[in-house]
Every structure is written in structure tokens, then in C-alpha cells.
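[1] can you look at this prediction? I've put the sequence above it.
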Amino acid sequence: MNDTSAPRDGIAQDQFLTILSREEAIARFDAALFPREIPQEMRPLAHALGCALAQDVVTPVDVPPFDRSNVDGFALRASDVTDAGESNPVRLALNAEQIACGVFPNLVVTPGTATPIATGGPVPRGADAIVMIEQTEPAGEAIDLRRAVTHGQFISYAGSDMARGEILLRAGTLIGAREIGMLAACGIAEIAVARRPRVAVLSTGDELVQPGGVLAPAQIFDTNGAIVTAAVTENGGEAIFLGAIPDDEQKLEAAMRKALAQSDMLILSGGTSKGAGDVSHRIVSRLGAPGIVAHGVALKPGKPLCLAVCDGKPVVILPGFPTSAMFTFHDMIVPVLRRMAGLPPRTDATLHARLPVRVSSELGRAEFVMVSLVGGAQGLLAYPTGKGSGAITSFAQADGFLRVDALADQVPAGSDVEVTLFTPHVRVPDLVVIGSHCVGLDLVTAPLARNGLLVRSIAVGSLGGLAAARRGECDLAPIHLLDEKSGVYNKAYLAEGLELIEGWRRMQGIVHRPGDPRFAGLDAKAAVVAALRDPECLMVNRNQGAGTRILLDQLLVGARPDGYWNQPRSHNAVAAAVAQNRADWGMTIAPVAAAYGLTFLPFREEHYDFALVTARKESFAVQAFLKSLHSEESRRALVAAGLEPA
Ligand code: AMP
Ligand code: MG
């Protein structure tokens with residue numbers, strides 16, 4: 001039920017005095033910050049995980065410290081058994097000691113003798129090879145060998161693993177479990193690491209409530225606080241989250257000064273546009289020299305980014321929209337943070353994929369476009385999934401992003417693009433569903449997910465889904481398109497190579513707030529007639545092209561009541577508008593009406609079906625989907641959600 005809309009920043013360019021290119025902004029920020037000394041501290045190994053080594057580590061001892069047996073067997077002299085063969089066993093007398101781990105040998109292995117030795121035991125004087133116990137035959141106080149052994153066989157020589165004086169690890173190495181293992185093997189208990197930069201994180205805005213709290217009208221949850229805190233930790237910083245501060249210049253200045261006093265870097269989000277109420281950048285210019293080095297960067301999303309250096313400490317104001325905050329943080333701030341943390345630059349995994357649709361881009365701004373990867377007939381495809389800079393769910397659907405150069409105004413369909421992956425482990429989905437979204441879809445695909453199949457659904461609307469299905473880029477395209485001439489859903493829209501799989505019905509109806517006397521006792525049609533007669537009664541419409549809009553137009557028969565031009569793109573938005581008193585009536589589907597506690601007057605059933613790409617019908621995942629769609633479990637789940645299986 002979600003539709004996509006074009007990304008937008010909502011901030012006019014002329015609010016910024018100078019918009020710098022991404023490269024120029026990075027260069028100015030770097031010049032004001034580097035070179036700088038990286039503070040160091042000693043840390044015990046147990047607390048060094050994730051830190052960067054501040055100095056090269058030289059191996060202080062040989063590892064292993066002595067020549068060591070690699071197997072359970074016998075230490076011997078290889079030349080004693082040169083002539084051993086199947087029909088010519090050689091007998092060696094056993095010396096009277098057993099070399100277990102941690103036991104230093106006392107007896108010399110003289111010609112014609114062997115000493116029992118365990119894996120890890122020190123090789124005794126005189127011996128130059130080890131034979132595995134399995135390749136010997138016991139013979140009382142002796143053993144027989146029927147095979148020659150090579151000199152040095154199964155011996156690890158002193159220092160062969162790590163040699164004393166060698167550089168074990170270089171400064172800047174990120175310490176993980178492997179590095180800790182190497183350091184422990186050398187007996188190193190404490191190391192010099194780069195001290196993690198302390199990064200104070202502040203959110204700004206009167207509208208923000210911390211997760212876990214309760215939203216009052218017009219409030220939203222503070223998303224950036226959590227994102228930035230986690231991203232700082234991921235990139236070698238020690239995050240100090242200080243909460244959200246209201247848009248009050250005095251309070252904010254006090255909070256910023258206090259935050260800077262206890263940190264090496266300050267990151268704010270929100271309030272960076274040069275509009276009324278946006279005060280952070282004014283405060284920044286009072287916090288120390290040289291102050292703001294860039295305010296307004298040719299990035300999309302992310303134009304309002306503000307970069308400053310105050311008495312040597314970086315101060316950053318990220319854009320308010322969470323996705324913008326995240327992209328600018330990763331692109332512009334992470335490199336600086338990692339340098340301050342003594343870490344090497346981040347190495348994001350990338351791969352190449354084909355872009356199935358054209359991406360238009362604003363000339364003059366480097367643009368980040370989130371993409372979802374799906375497997376096509378000729379390799380990977382990168383589907384744009386962005387919903388606009390305010391949307392956070394795009395992250396869930398996306399595997400990574402591509403960067404459109406500032407000088408490009410578009411990337412043509414069919415282009416080969418480089419995708420930077422959010423995580424290096426991408427798995428190409430087993431089932432790809434592109435089209436209109438519905439809660440019912442999650443219910444039907446749930447059993448597939450439980451069985452380990454990866455299902456990717458990309459919400460692009462019915463028509464976008466059909467186009468993808470025609471190009472063979474998905475398995476299924478969920479659609480709900482009414483053919484106005486025939487009054488029949490979906491059938492008329494199928495093209496060659498596609499077949500219709502019936503999904504479920506969604507009851508469309510008129511919603512109003514419970515107890516609204518203007519609609520008492522009326523059915524859907526009568527309710528609309530009553531609403532049209534009452535000039536105080538405000539409607540909420542739907543966007544052009546939506547199936548719901550077609551039904552509304554039928555009911556309105558040409559009327560343009562107040563509220564007609566309020567045209568949101570989803571069922572949920574209609575319900576929210578009515579529930580929050582921004583409109584008095586609208587049309588949505590039954591389960592959404594129920595979720596918002598609205599009174600629902602049924603009008604007409606809409607058919608939510610699937611255009612199946614016939615060529616993919618026999619695939620395992622499609623078969624699993626069809627099986628689930630027709631299962632008793634799914635039917636029950638659909639009914640419980642207020643949907644009616646076909
Ligand atoms: P601003 O630059 O403060 O005008 O913010 C731009 C948009 O981002 C507004 O819609 C804010 O509500 C939103 N926003 C700002 N800060 C946050 C935050 N910490 N979490 C989620 N949204 C935010
Ligand atoms: Mg704000």
C-alpha cells in the first residue's frame with residue numbers, strides 16, 4: 001500500500017550562501033583538522049578489541065619457542081629408517097621417557113632409538129623427524145617402521161610461526177580476535193592503542209521524543225540520536241549520547257558547550273537549514289576558531305550539512321532527515337572519525353550490477369541512491385528503493401547504494417553501476433516481488449522466510465511492478481488495477497509472458513471518526529452525498545492513478561469538495577488524516593480503518609492479485625509461494641487481517 005515519491009530536501013538552495021562541492025568541503029574540513037597527533041593509551045588485551053594499534057608491535061619471542069612436534073608419535077633420526085619398506089621393517093628401541101606437552105626431554109635420541117612424543121612436545125636432542133604413531137607397529141620396548149621418513153617431518157621449528165624481532169602487527173591495524181590471538185601467543189598482555197575519540201552526540205528539535213516515550217500530537221521519535229551513536233561506535237569512536245535539546249538558542253548553546261568540554265568531537269543533527277528556529281549553526285560560529293568551514297554541500301540527500309572546527313575539535317551538524325544524516329555521516333564524517341581514531345579508511349565492499357530503470361539526478365549535486373539487489377537472467381540488477389530523504393524504511397529494503405556523480409543529470413536504464421554494499425554479505429533473494437505492497441503479502445511470505453527462503457518485496461506501485469515483470473526482473477508483481485471500461489480488476493493489464501494468480505480482496509470503504517453525527521446511519525454512498533452537502537465537511541482524497549482514487553471519482557461524480565486537493569499516496573495516510581482531525585472523511589481499506597479505530601462504511605471490493613512471470617513459474621521459490629498462498633494457514637491469517645482470500 002506504499003507508494004514512492006521523489007526524494008526532496010525541502011530546503012531552498014538560496015538559503016545557503018555558498019554551496020560547496022563535496023570534494024571542496026572535504027578538503028576544507030581536512031585542512032582544518034589534519035595533521036594532528038593521535039592520543040594513545042595502554043590497554044590490556046581483553047579491552048583492546050576494536051581498537052587501532054598505535055605503534056608497530058615487534059615480536060618479543062620466538063613462536064613456537066622451541067622445535068615442536070606437530071603430531072602424536074615418536075621422535076627419531078630420519079637416517080635410521082632410510083631403508084625401511086613394506087618387506088623390510090626397521091626396528092627402533094624406545095628411550096625410557098615420554099615427552100608430553102610441557103615436559104622438557106632429558107634423554108638424547110641416539111642412532112637406532114626413538115622417544116614417544118605428544119603433539120606440542122619439545123623435540124629431544126638428536127632427533128630430526130617425527131613419525132606418526134599410526135605409521136608404526138608396537139614391538140614390546142621397541143617400534144617397527146615400514147616406511148622411510150623425511151628429515152624435519154612433523155616438526156615446527158622455533159620461530160617458524162613468529163620470529164623474535166619481526167614486525168608482528170603494524171600501527172593502524174584494527175584489533176580483532178585474530179590479532180589478539182597473535183599478541184597472546186607472544187606473551188603480550190598490554191598494548192598501545194589509539195585512544196578512541198570521545199564523540200558527543202546531540203539531537204535538536206522541539207518535536208523529538210526518545211524511543212520508549214509516548215508521542216504527543218506532532219511529535220516524532222528521535223531517530224538520529226540512535227543512528228549516529230551506533231555509527232560512531234561502528235567507526236572507532238566512543239559515543240556519548242546526550243539526548244535531544246529543544247530549538248532554544250540558549251539551552252542549545254549551553255548543551256553544546258558542555259558537550260564539547262567533555263569530548264573530542266561534537267555531532268548534532270537537525271536545525272541546520274538557515275531558517276527561523278534553526279539556530280545550531282549560529283551557535284557553532286561562537287564556539288571557537290576557525291568555526292564553520294562548510295555550510296551547504298552539493299550532496300543529495302544532505303545539502304544542509306554544516307562542518308566546523310572549533311579550537312581543534314570537529315563540530316558537525318548533520319541534516320535532520322535520518323537517511324540524509326546517515327549518508328552524510330558515512331560519506332563525510334566517517335573518514336575524519338577514523339583518522340582521529342587511528343583506523344585505516346573504511347573499506348566498503350562494492351560490486352557491479354545493471355540498473356534496470358533510469359535514475360534521474362540533480363545536476364551539480366553528488367547523489368546517493370539506495371538500491372536493492374535482485375538476480376536477473378543476465379546477472380545482478382540494482383533496483384532503486386529510495387522513498388525520499390525523510391524515509392528510513394528504504395534502508396531495510398536496500399542492500400547498498402550507488403553514487404551519481406555531480407556532473408550527471410541521469411543514469412540511463414541498462415547502465416552498469418558500482419554498488420557500495422551496506423554489509424559485505426549480500427544474499428540474492430530467492431523470490432522477488434515488485435509492485436504494490438499490502439500487509440497480506442507479509443503474511444503469505446512468512447512461511448517462506450521461516451523455511452530459509454529470502455523474499456524481497458520492493459514497493460513501486462502496480463504499474464511499476466508490471467513493467468518489472470514484463471522485463472523479467474521479478475517473479476511476481478502484485479497489482480490492483482481497475483479497468484474502468486469493464487469494471488474488472490487486473491486481467492486487462494496482463495501482457496504476454498504473464499499470467500494472473502488471484503490473491504485476495506480488500507474491502508474499500510468510507511471512513512469517518514466514530515460517533516460523527518453527520519454520518520449516523522448512512523451507508524457509503526449516502527455518506528458521500530451527505531458530506532458533499534455540508535461545506536464544513538472536509539475530505540481527504542487519494543493520488544491520481546490509485547485504484548482508490550478511481551472509486552472516489554465515481555462517488556464524487558465531478559464534485560470538488562474542500563480537501564479534494566489533499567492527495568496522499570497511501571491507505572494509511574488517509575486513515576491518519578481522518579483520525580487526527582485533518583479531514584472528516586476519506587476512502588481506505590477495512591484493515592487500515594480498523595487499525596486507526598475509524599468507523600468503516602463498506603463500498604466495494606478491490607482485487608489484489610499477482611502478475612506471475614510464466615517463465616519463473618516452476619522455480620522452487622514461486623512454487624513455495626503459491627503453496628503458501630493457497631494454504632489454510634495463509635487464508636486464516638489473511639482473514640484475521642481483514643482481507644478476503646480469493
Ligand atoms: P530540521 O533540519 O531540524 O528542520 O529537520 C529536518 C527534518 O528532519 C524535520 O522533519 C525534523 O523533524 C527531522 N528530524 C530532525 N532531527 C531528527 C531526529 N533526531 N530524528 C528524526 N527526525 C529528525
Ligand atoms: Mg529541527
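    Perfect, thanks for sending it. Ligands and ions are numbered 1, 2, ... in the order given.
[2] mind giving me the domain split of the chain?
    13-37+196-340, 40-63+161-194, 68-156, 350-421, 438-646 (automatic domain parsing).
[3] can you map out the strands along the stretch 501-646 of the chain?
    Secondary structure of the stretch 501-646 of the chain by DSSP state E, counting those that start in this stretch: the strands cover 539-540, 585-589, 599-613, 644-645.
[4] chain center to the second one: distance?
    When C-alpha coordinates are averaged (Cα atoms, centre = their mean, to the nearest Å), strand 585-589 and its chain have centres 35 Å apart.
[5] so which of the domains of the chain is nearest Leu431?
    Nearest of these to Leu431, taken as Cβ to Cβ: domain 438-646 at 3.9 Å. Every residue, glycine included, has its C-beta placed from N, CA and C.
[6] thought Ala641 was touching Val439?
    Yes - counting by Cβ atoms under 8 Å, Ala641 does reach Val439; the two are 5.8 Å apart.
[7] give me the common contacts of these two.
    Pro591 (Cβ atoms under 8 Å, 6 or more residues apart in numbering).
[8] please name the nearest non-neighbouring residue to the residue of the chain found nearest ligand 1.
    Distance from ligand 1 to each residue of the chain (Cβ to the nearest ligand atom) is smallest for Gly320, at 2.2 Å. Leaving aside its sequence neighbours, Gly320 sits nearest to Gly270 (Cβ to Cβ, 6 or more residues apart in numbering; 3.7 Å).
[9] so what's Ser156 bridging to?
    Arg68 (DSSP bridges).
[10] wait, what's in contact with it?
    By Cβ under 8 Å, 6+ apart, Ser156 lies in contact with 64, 67-68, 70.
[11] also Gln397?
    By Cβ under 8 Å, 6+ apart, the contact list for Gln397 reads 370, 372, 385, 456-459.
[12] again, only this time at 10 Å
    By Cβ atoms under 10 Å, 6 or more residues apart in numbering, Gln397 lies in contact with 370-372, 383, 385-387, 456-459.
[13] for Cys438, same thing?
    Contacts here follow Cβ under 10 Å, 6+ apart; on that basis Cys438 touches 1-2, 444, 457, 459, 478, 480, 503-504, 506, 571, 589, 591, 608, 638, 641, 643.
[14] could you pick out the buried ones from those residues?
    Buried residues within the contacts of Cys438, counting neighbours by 16 or more other Cβ atoms under 10 Å: 1-2, 444, 457, 459, 478, 480, 503-504, 506, 571, 589, 591, 608, 638, 641, 643.
[15] what about those residues, which are in helices?
    444, 571, 591, 638 (DSSP state H).
[16] so what's Val57 bridging to?
    Here Val57 shows beta-bridge partners Leu169, assigned using DSSP bridges.
[17] worst mean pLDDT across the helices and strands of this protein, which element?
    The weakest-scoring helix or strand in the chain, judged by mean pLDDT, DSSP states H and E, is helix 394-397 (a mean of 73).
[18] for this protein, what lies in contact range of ligand 1?
    Taking Cβ under 6 Å from any ligand atom as the contact definition, the chain meets ligand 1 at 203, 205, 207-208, 220, 222-225, 269-273, 320-322.
[19] do a quick rundown of the helices in the stretch 501-646 of the chain.
    524-533, 547-556, 571-579, 590-595, 620-629, 632-640 (DSSP state H, counting those that start in this stretch).
[20] of all those, which lies closest to Thr82?
    Closest among the helices of the stretch 501-646 of the chain, using Cβ to Cβ: helix 620-629, at 59.5 Å.
[21] just want the angle from that closest one to strand 599-613.
    Orientation of helix 620-629 against strand 599-613 (axes from the mean of the first three to the mean of the last three Cα atoms, to 10 degrees) gives an angle of 150 degrees.
[22] so how far is helix 620-629 from its chain's centroid?
    Centroid displacement of helix 620-629 relative to its chain, using Cα atoms, centre = their mean, is 27 Å.
[23] quick one: buried residues of it?
    If you call a residue buried by 16+ other Cβ under 10 Å, then helix 620-629 has these buried ones: 621-622, 624-626, 628-629.
[24] can you tell me which of those is nearest Leu215?
    Of those, the one sitting nearest to Leu215 (Cβ to Cβ) turns out to be Ser628, at 35.3 Å.
[25] just list whatever residues bridge to Ile220.
    Here Ile220 sits in beta bridges with Leu208, going by DSSP bridges.
[26] again with Ser360
    With DSSP bridges applied, Ser360 shows beta-bridge pairing to Gln410.
[27] can you count the residues close to it?
    12 (other Cβ atoms under 10 Å).
[28] could you check how far the closest residue to Glu249 other than its chain neighbours is from Thr272?
    Nearest residue to Glu249 in three dimensions, chain neighbours excluded: Val279, at 4.5 Å (Cβ to Cβ, 6+ apart). Note on Val279: its distance to Thr272, by Cβ to Cβ, to the nearest Å, is 10 Å.
[29] between those two, which contacts overlap?
    Common neighbours of Val279 and Thr272 (Cβ under 10 Å, 6+ apart) are Thr204.
[30] neighbour count winner among the two?
    A side-by-side neighbour count of Val279 and Thr272, using other Cβ under 10 Å, places Thr272 first with 29 against 18.
[31] pretty sure the more buried one contacts Ala294?
    No - Thr272 is beyond contact range of Ala294, at 11.3 Å (criterion: Cβ atoms under 10 Å).
[32] overlap in contacts of those two?
    With Cβ under 10 Å, 6+ apart, Thr272 and Ala294 have common neighbours 305-306.
[33] returning to what we had before: give me phi/psi at the residue of the chain closest to ligand 1?
    The phi and psi values for Gly320, taken as degrees, to the nearest 10, are phi -70, psi -40.
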